[in-house]
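1. Following is a predicted model, sequence given first.
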Amino acid sequence: MPQAAALLVGGFAIVGVGVSFTADIDIQRQLAIPNVLGIATYVIGMPAGFSLLRGVRRVSPA
């Protein structure tokens, strides 16, 4: 499922860039787009990471 999360974030990036150029958004708002995408990557990627780690045995330090 991590591939789906990466594709979703990539889709957000394409839509964000397209909207910024067609709506003539100023540079300060355009600079906020990568920050929002970074947070989206974290939020979408965390459930993918948890699903990958499900069932992995944890080793406690001795």
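-> Okay, I see it.
2. So Arg54 versus Tyr42, what's the distance?
-> 19 Å (CB to CB, to the nearest Å). Any C-beta I mention is one placed from the backbone N, CA and C, and that applies to glycine too.
3. Have a look at the two and say which one is more surrounded.
-> Tyr42 (11 against 7; other CB atoms under 10 Å).
4. Who are the contact partners of Gly49?
-> Contact partners of Gly49, counting by CB atoms under 8 Å, 6 or more residues apart in numbering, are Pro2.
5. How about the longest helix along the chain, which residues are buried there?
-> Using DSSP state H, we find that the single longest helix of the chain is helix 27-53. Residues of helix 27-53 classed as buried by neighbour count (16 or more other CB atoms under 10 Å): 33, 37, 40-41, 44.
6. how about low-confidence regions in the protein?
-> Within the chain, the stretches with pLDDT under 70 are 1, 55-62.
7. quick one: the residue at minimal distance from the centre of it from Asp24, how far?
-> Centroid-nearest residue in the chain, with CA atoms, centre = their mean: Thr41, separated by 1.6 Å. Per CB to CB, Thr41 is found 27 Å from Asp24.
8. Please identify the helix or strand for Asp24.
-> Here Asp24 sits in a region with no helix or strand, counting by DSSP states H and E.
9. OK, contacts around it?
-> Contacts of Asp24 (CB under 8 Å, 6+ apart): none.
10. How about Asn35?
-> Going by CB under 8 Å, 6+ apart, the list of residues near Asn35 is empty.
11. quick one: it from Gly11, how far?
-> According to CB to CB, Asn35 and Gly11 sit 18 Å apart.
12. Check Ala40 too.
-> 10 Å.
13. ok, now Ser20?
-> Distance of Ser20 to Gly11, given as CB to CB: 15 Å.
14. Tell me which residues are up against stretch 15-23.
-> With CB under 8 Å, 6+ apart as the test, stretch 15-23 has contacts from 25, 29-30, 33, 36-37.
15. This completes my enquiry, with thanks.
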